[in-house]
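Novice: Sequence and predicted model, in that order:
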Amino acid sequence: MVDAKLVGELRAMTGAGMMDCKKALQETNGDMDAAVDYLREKGIAKSAKKADRIAAEGLANIFTDGNKAIILEVNSETDFVSKNEEFTNMIEVIGKTILASAVKTVEEALELTSDEGTINDLIIAKTAKIGEKLSLRRFEIVEKADTASFGAYLHMGGKIASLTVVEGANEEVAKDVAMQAAAMKPEYVTEADVPEEVVAREKKVLTEEAMNEGKPKDIAEKMVQGRIKKFFKDICLVEQPFIKDGDITVGQFIKNNNGSIVTLVRYEVGEGMEKRSENFAEEVMNQIK
């Protein structure tokens, strides 16, 4: 039985996780110095010190297996790491391990076992080896029917990943739709998917904008009807002009190929996250001090 107080002290000393500290003390029969060395040797103490760093770069990727696919994002501190083979291989291990499971959350995924230990162990080891904070940010497992096709598209080597499911059309059509989504960044698939409060807010803004232009209320309302259609064209995938043929919408393109869009998942690396900012002059001065 490991003393909880010792676990707490070891955690404070190394910054490692509670379970890692408990295991280290078990492996070293409660010897604090040996436990610290154990964590360092495993790369756990070293990587834990990076926990407060900003990791908003990295890669997204997509893996498929039959009627299942996964889209995931794994973050690093700098863009340089995304070209590191250790990093890209780690993403493949993580993606394929999760795809073969039925987990729903990142927390559950981190406990999955691969050939290289748990996913969490793998990330800790690679963090220590590569020298940057690495983290599994998010993933989504998508399933399709036999009559549907996956469309997978990676832009800029994985800075943007787009996964679609198109019913009744082939993989080429599904990939074209995924490419459209990657390029044009739709927020929703159809008008029906747009929340009522989003539409109401946009109408309010557009109405005040028209009134401020000096238009009478009845004219302003007609202007808003036209502008709200443009709003839907910007944010809804099926309403957007198709990038390969601007004369038709994406919805028409899919329909022309006897298909219908079922699912869209689009990941852009680092979206919504605080970005790492570098001030090299300040860093140099801090080192001089």
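Specialist: That came through fine. Residues are numbered from 1 along each chain as shown.
Novice: Now tell me what touches stretch 71-78 from outside.
Specialist: Contact with stretch 71-78 is made by 50, 53-62, 82, 87, 90-91, 94-95, 98, 130, 132-140, 142, 161, 163, 265, 267, 269-270, 273, 276, as judged by Cβ atoms under 8 Å, 6 or more residues apart in numbering. In short, each C-beta sits where N, CA and C put it, glycine included.
Novice: do stretch 30-41 as well
Specialist: Outside stretch 30-41, the residues that reach it (Cβ under 8 Å, 6+ apart) are 2-3, 6, 9-10, 13-14, 16, 20-21, 24-25, 27-28, 45-46.
Novice: Only the buried subset of those residues, as a PyMOL command please.
Specialist: Buried subset of the contacts of stretch 30-41, written as a PyMOL selection, criterion 16 or more other Cβ atoms under 10 Å:
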select buried, resi 2+6+10+14+16+20+21+24+25+28+45+46
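Novice: circling back to that earlier point, selection in ChimeraX covering whichever of the contacts of stretch 71-78 are buried, please.
Specialist: This is how ChimeraX selects the buried members of these, with burial counted by 16+ other Cβ under 10 Å:
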select :50,55,56,57,58,59,60,61,62,82,87,90,91,94,95,98,130,132,133,134,135,136,137,139,142,161,163,265,267,269,270,276
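Novice: Can you tell me the strand partners of the host helix or strand of residue 165 and which way each runs?
Specialist: If you go by DSSP states H and E, residue 165 is part of strand 160-167. Take DSSP bridges as the rule and strand 160-167 pairs in its sheet with strand 148-155 (antiparallel), strand 260-268 (antiparallel).
Novice: I'd like the mean pLDDT over the shortest one, please.
Specialist: When the per-residue pLDDT values of strand 148-155 are averaged, the result is 98.
Novice: Centre-most residue in this structure?
Specialist: The centre of the chain sits closest to residue 73, judged by Cα atoms, centre = their mean, with a distance of 3.7 Å.
Novice: you'd agree residue 122 is up against residue 114?
Specialist: Yes: Residue 122 is within contact range of residue 114, at 6.3 Å (criterion: Cβ atoms under 8 Å).
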